[in-house]
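[1] I would like the atomic coordinates for the input below:
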Amino acid sequence: MNIYVLLKRTFDTEEKISVANGAISDDGAEYIINPYDEYAVEEAINIRDEHGGEVTVVTIGEEDAEKQLRTALAMGADKAVLINTEDDLEEGDQFTTVKILEAFFEDKEVDIILGGNVAIDEASGQVGPRLAERLDMPCVTTITDIKIDGTTVSIERDVEGDVEKVETSLPLLVTCQQGLNEPRYPSLPGIMKAKKKPLDELEIDDLDLDEDEVEPKTKTTEVFLPPEKEAGKVLEGEVDEQVKELVSLLKTEAKVL
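    Here you go, the predicted model:
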C-alpha cells in the first residue's frame, strides 16, 4: 500500500508562548510534531505492518522542519519529504497548503492519506477535507478506529461524545483523533535507522507552481494572548437571593443579559 501522512511542525503548547509586535515570538520556543499528527504517523505504521507497503511523511515548511520529519522516521515511517517554502513564501494559509499538496500528489499513486484532526496552533481542521476534495477522494474526519479489508474500509469516528460508523473505500483520506492509538516513542535503534532513511527536499518550482498560485486567501490581522482569568466570586445566602444576585451580575458586570 502507498500510505502518506500529512505532518505539521507546531509550537510545543506546554512551553510558555509569548507575543511580540503582533506575532508569536519563537525566541527559545520548542517545536514538536503536531500531537494529532502523531496519531496519524502511528496509524500509518500499523496499517503498513498489517497490509504491507510504504509510509511516506510529508510536510511543508522551512529547513528546521527536518527535525520533526526525522522523528517520524525514527517512529517507523519509511520515507519523508520536505517541501521547503523558505525562499518562496513569506506567509501562507490553508489554501496555500492545500494547493501545494495537491500539486505534490498529482503524479502519486495513493491508497490512503492520514493527517491530524486539527493542528494545535491554528486548529482550523481544513487541510484534510479540502485536500480530499481537490484530489477527488472520500474523506472521513476525527476517526477513532479503522479496519481495511481489501479496498473496503470500516471506520469509527468521534461525533461530539458519540460514535459514528462509516464504510467507505480506498483511495481515502482520513484525519485522526485522540483515542485512535497510542503513538510510540522513537527507540534508540529507530533514531539510528532514521539517519539513513531517505528524506527528499522539494521546492515550489519542483511542483510546477508559481508564487502567485499559492498566495494566501486569508490574512491574520492580529495575534494576542487571552486576558488573564479574573478571580471567581462565591455567592452566599439563600438560593433565591443567590439567583437574584447572579442575574444582577450577569447584567451589570458580565453584560451578557
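
[2] Against T56, how distant is E109?
    The spacing between E109 and T56, counted by Cβ to Cβ, to the nearest Å, is 11 Å. Just so you know, the C-beta spots here come from the backbone N, C-alpha and C atoms, and that holds for glycine as well.

[3] more neighbours, those two?
    T56 (21 against 8; other Cβ atoms under 10 Å).

[4] pretty sure the more buried one is in contact with L7, am I right?
    No - T56 is beyond contact range of L7, at 10.3 Å (criterion: Cβ atoms under 8 Å).

[5] quick one: average pLDDT of stretch 214-227?
    Mean pLDDT, computed over stretch 214-227, is 83.

[6] any idea how far that stretch is from the chain center?
    Computed by Cα atoms, centre = their mean, to the nearest Å, the chain-centroid distance of stretch 214-227 equals 18 Å.

[7] Okay, now that stretch: how far is its last residue from its first?
    Stretch 214-227 has an end-to-end distance of 35 Å (Cα to Cα, to the nearest Å).

[8] Contacts for that stretch, please.
    Defining contact as Cβ atoms under 8 Å, 6 or more residues apart in numbering, one finds that stretch 214-227 is touched by 17-19, 22-24, 89, 91-96, 99-100, 204.

[9] For P129, state which of those is nearest.
    Distance ranking of those against P129, using Cβ to Cβ, places Q94 first at 10.0 Å.

[10] confidence score at that closest one?
    Residue-level pLDDT assigned to Q94 equals 92.

[11] just the one 10 residues further on next, same as before
    Each residue has a pLDDT score; the one for F104 is 97.

[12] Secondary structure element holding it?
    Following DSSP states H and E, one finds F104 within helix 94-105.

[13] Equivalent analysis for I24, please.
    Using DSSP H and E, the element containing I24 is strand 23-25.

[14] Who are the packing partners of that strand?
    Where contact means 3 or more Cβ pairs under 8 Å, 6 or more residues apart in numbering; DSSP states H and E, strand 23-25 is packed against strand 18-20.

[15] tell me what the strand it packs on is packed against?
    Contacts defined by 3+ Cβ pairs under 8 Å, 6+ apart place strand 18-20 against strand 23-25.
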